[in-house]
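Peer 1: Based on what follows, work out the 3D shape:
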Amino acid sequence: MSLTQKEKSQLTRQRLKNKALALFGEKGFVKTTIIDITRQAGCAKGNFYRYWESKNMIFLEIMEERLSEYRSQREIALTKATNLEEVITVILEFLENIIDDKNWSKVFLEFTLFASQDEQLKAELNKSRYRLSFDVFGDLVRPFVDSDFPPEKIGALNTALFEGFLIQNILGTNIINKEDFRQAALALALHNGKK
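Peer 2: Residues are numbered from 1 along each chain as shown. Presented below is the predicted three-dimensional model:
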């Protein structure tokens, strides 16, 4: 049975995304070109532009899919949480999945820095589907916060610790480890979220 044109198109699109993800992990975002992606996928350059207007857009789509996978695991665990410590623990496990994916966390940071130089791309990256936004974090912990400390600030502090740890980890400083990050993030959240 032969494939329909729509099925062939979906396969080509997926092959381009798979090759882009592999190349981003191998070479980094900046050094990977659209020509690299299409060459690895065995496609003409025009095929790339049929699906995305730029390398930024394919990266954002891949990022959204990756984070969606991580979030689906998190959502199941969140339904069982009964207090702030349990919710923070689930969120930290979500973040640790990203930390454990060394290539992805490195490219995630590289793209974040790259996007910071372009106002439109920065605004797009700050949408909650691409990151653990302060609003999303606030919504997750709000039912369990019994202090006057804003839940969004707990999220912002957690994100700052997470991204700082990613930098330390990528640089190989070996001063703090994942357990240190977990303990600090949990202690900070509990200190600020409980009376």
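Peer 1: Give me the domain ranges for the protein.
Peer 2: As recorded under automatic domain parsing, the domains making up the chain are 1-52, 55-193.
Peer 1: comparing those domains, which gets the lowest mean pLDDT score?
Peer 2: Ranked by mean pLDDT, the domains of the chain end with domain 55-193 in last place, scoring a mean of 89.
Peer 1: gap between the two ends of it?
Peer 2: 40 Å (C-alpha to C-alpha, to the nearest Å).
Peer 1: Mean neighbour count added to the domains of the chain, as TSV?
Peer 2: (C-beta placed from N, C-alpha, C; glycine too.) What follows is those, written out as TSV (neighbours: other C-beta atoms under 10 Å):
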stretch	mean neighbour count
domain 1-52	15
domain 55-193	16
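Peer 1: any idea how far Ala41 is from Lys19?
Peer 2: 4 Å (C-beta to C-beta, to the nearest Å).
Peer 1: Actually, Lys27.
Peer 2: As judged by C-beta to C-beta, Lys27 and Ala41 stand 15 Å apart.
Peer 1: Phe24 now?
Peer 2: 13 Å.
Peer 1: ok, now Asp148?
Peer 2: Using C-beta to C-beta, we find Asp148 at a distance of 53 Å from Ala41.
Peer 1: can you check Lys178 too?
Peer 2: From Lys178 to Ala41 the distance is 34 Å (C-beta to C-beta).
Peer 1: now Gly172
Peer 2: As judged by C-beta to C-beta, Gly172 and Ala41 stand 32 Å apart.
Peer 1: Also Gly28?
Peer 2: From Gly28 over to Ala41 (counting by C-beta to C-beta), the distance is 18 Å.
Peer 1: Same question for Arg71.
Peer 2: If you go by C-beta to C-beta, the gap between Arg71 and Ala41 works out to 27 Å.
Peer 1: likewise Ile58?
Peer 2: 11 Å.
Peer 1: Could you tell me which residues touch both of those two?
Peer 2: Leu16 (C-beta atoms under 8 Å, 6 or more residues apart in numbering).
Peer 1: Next up, the contacts around Lys195.
Peer 2: Counting by C-beta under 8 Å, 6+ apart, Lys195 has contacts 146-147.
Peer 1: no, scratch that, I was asking about Glu124
Peer 2: Per C-beta under 8 Å, 6+ apart, neighbours of Glu124: 60, 115, 130.
Peer 1: The first one sits in which helix or strand?
Peer 2: This means Leu60. Per DSSP states H and E, Leu60 falls inside helix 55-78.
Peer 1: now the helices for the chain?
Peer 2: For the chain, the helices defined by DSSP state H cover 5-27, 34-41, 45-51, 55-78, 84-100, 102-115, 119-125, 134-141, 151-171, 178-193.
Peer 1: So which residues make contact with the fifth one?
Peer 2: Contacts of helix 84-100 from elsewhere in the structure, counted by C-beta under 8 Å, 6+ apart, are 70-71, 73-74, 77-78, 80-81, 104-105, 108, 132, 137, 140-141, 144-145, 158, 162, 165-166, 169, 178, 181-182, 185-186, 189-190, 193-194.
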